[in-house]
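# no letters, just coordinates:
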Ligand SMILES: Cc1cc2nc3c(=O)[nH]c(=O)nc-3n(C[C@H](O)[C@H](O)[C@H](O)COP(=O)(O)OP(=O)(O)OC[C@H]3O[C@@H](n4cnc5c(N)ncnc54)[C@H](O)[C@@H]3O)c2cc1C
């Protein structure tokens, strides 16, 4: 049952923040594909909802003059996947968006909701981690910008202060220009399934034969999405070879804190990390203009 005790709509961020500050029990709802499921399952009881769907300033994707790409949190996954700006500049985010849910869910679910629900399995998160995305947050105290890595505090827990809203996702040019990426979602079924593991890899090559930079974002390999610092540090300056990529896969496992769940055992998830990191990196190398690594 949906025990909705009250329903409010805001048309500006200021209005939403004021309503949230005045009533701490309000639950923000964007697409509602998480909130309504939680209500249905009794995880949220007697909710008073604040819809932010009518806040126009939270929609859309833009590339600014300095190359920064801003994504409004109300942008749906369908809009992310169809965006010319994202297709041209960050195609790996299109792959992640299209791996999410099915068409009906993608038409409604927002990228902001995906981040704010704090799930390690969120399909946008590992790619946004690899892109070093920053999040713009607005609340009664004003605006702040935080790295996405600092925003995730634990399973289902994010750094949203009271009455704060996520108002923008920022991707800076130095974090996508010159990079090629690949996203692999491993799940039991091809559609409408949560990831058993998500792997987003970005790489930048020097002369097509050396790794200038490698970034690995993992979902469901720990209580929050993570990066793999040791594997990334090892990769820098190394030749693009089967041996290097195999070692990167091994080192990626070191960053994980996987657990056993009904979907997969810890050991199986670690195996997936090693194997899928290599596959994603090989695919990214090809897209970056390097040769095929068998
Ligand atoms: C059938 C089904 C399949 C699914 N498949 C997938 C999948 O494959 N991959 C995946 O990652 N997820 C999946 N999900 C989960 C869900 O669809 C996503 O997490 C989605 O992106 C949530 O977005 P939303 O707009 O619906 O969020 P909502 O449900 O509206 O909100 C989610 C949370 O974020 C908060 N919130 C939303 N926007 C803001 C904001 N701007 N500022 C502050 N707080 C905010 C809300 O208060 C709430 O806590 C699935 C869900 C369903 C029902």
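Looks like it came in fine. Computed from a predicted structure; not experimentally measured.
# check which residues of the helix or strand of the chain with the lowest mean pLDDT are buried.
Lowest by mean pLDDT, DSSP states H and E among the helices and strands of the chain is helix 35-40, with a mean of 90. Neighbour-count burial for helix 35-40 flags 35-36, 38-39 (criterion: 16 or more other C-beta atoms under 10 Å). Heads up, the C-betas are built off the backbone N, CA and C, glycines and all.
# nearest to the ligand, of these?
residue 35 (3.7 Å; C-beta to the nearest ligand atom).
# wait, isn't that closest one in contact with residue 43?
No: Residue 35 is beyond contact range of residue 43, at 9.7 Å (criterion: C-beta atoms under 8 Å).
# how about residues contacting stretch 270-281?
Identification of contacts with stretch 270-281 by C-beta atoms under 8 Å, 6 or more residues apart in numbering yields 182-184, 186, 196-197, 199-201, 203, 214, 216, 218, 221, 228, 231, 245-246, 248-250, 252-253, 256, 258, 264.
# check contacts around whichever residue of the stretch 51-200 of the chain sits closest to the ligand.
At 2.1 Å from the ligand, residue 113 is the closest residue in the stretch 51-200 of the chain, using C-beta to the nearest ligand atom. When contacts are counted by C-beta under 8 Å, 6+ apart, residue 113 touches 30-31, 33-35, 73.
# excluding its backbone neighbours, what's nearest it?
Spatial nearest neighbour of residue 113, excluding adjacent residues (C-beta to C-beta, 6 or more residues apart in numbering): residue 30 at 4.4 Å.
# and the one you found, how far from residue 109?
8 Å (C-beta to C-beta, to the nearest Å).
# quick one: which of the two has more around it?
A count of neighbours by other C-beta atoms under 10 Å puts residue 30 above the other of residue 30 and residue 109, at 27 against 24.
# thought the more buried one was touching residue 112?
Yes: counting by C-beta under 8 Å, residue 30 touches residue 112, with 5.8 Å between them.
# overlap in contacts of the two?
73-74.
# now do the contacts for residue 110.
Contacts of residue 110 (C-beta under 8 Å, 6+ apart): 30-31, 73-77.
# please identify the helix or strand for residue 5.
Residue 5 is part of strand 4-9, with elements assigned from DSSP states H and E.
# could you list every helix and strand in contact with the helix or strand that that strand is followed by?
Going down the chain from strand 4-9, the next helix or strand is helix 13-22, by DSSP H and E. Judged by 3 or more C-beta pairs under 8 Å, 6 or more residues apart in numbering; DSSP states H and E, helix 13-22 is in contact with strand 26-29, strand 47-51, strand 134-139, strand 165-171.
# do the third one and the ligand meet?
No: if you take C-beta under 6 Å from any ligand atom as the test, strand 134-139 misses the ligand, and the best it gets is 7.9 Å.
# tell me the buried residues in that strand?
134-139.
# immediately after it, which helix or strand?
Criterion used, DSSP H and E; the element after strand 134-139 is strand 142-147.
# residues in the stretch 101-250 of the chain within reach of the ligand, list them.
Residues of the stretch 101-250 of the chain lying near the ligand (C-beta under 6 Å from any ligand atom): 101, 105, 109-110, 112-114, 116-117, 121-123, 160, 165-166, 192, 194.
# show me those that map onto strands.
Secondary structure from DSSP state E places 165-166 of those in strands.
# now list the buried members of the residues of the stretch 101-250 of the chain next to the ligand.
Neighbour-count burial (16+ other C-beta under 10 Å) applied to these gives 101, 105, 109-110, 112-114, 116-117, 121-123, 160, 165-166, 194.
# hmm, who's touching stretch 138-146?
Residues outside stretch 138-146 that contact it (C-beta under 8 Å, 6+ apart): 13, 17, 20-21, 134-137, 159, 161-165, 167, 170.
# now the strands for the stretch 151-294 of the chain?
Along the stretch 151-294 of the chain, counting by DSSP state E, counting those that start in this stretch, strands occupy 152-154, 157-158, 165-171, 180-186, 197-206, 210-219, 226-227.
# strand partners (parallel or antiparallel) of the first one?
Taking DSSP bridges as the criterion, strand 152-154 forms sheet pairs with strand 157-158 (antiparallel).
# ok, the last one next?
Pairing partners of strand 226-227, with direction, according to DSSP bridges: strand 210-219 (antiparallel).
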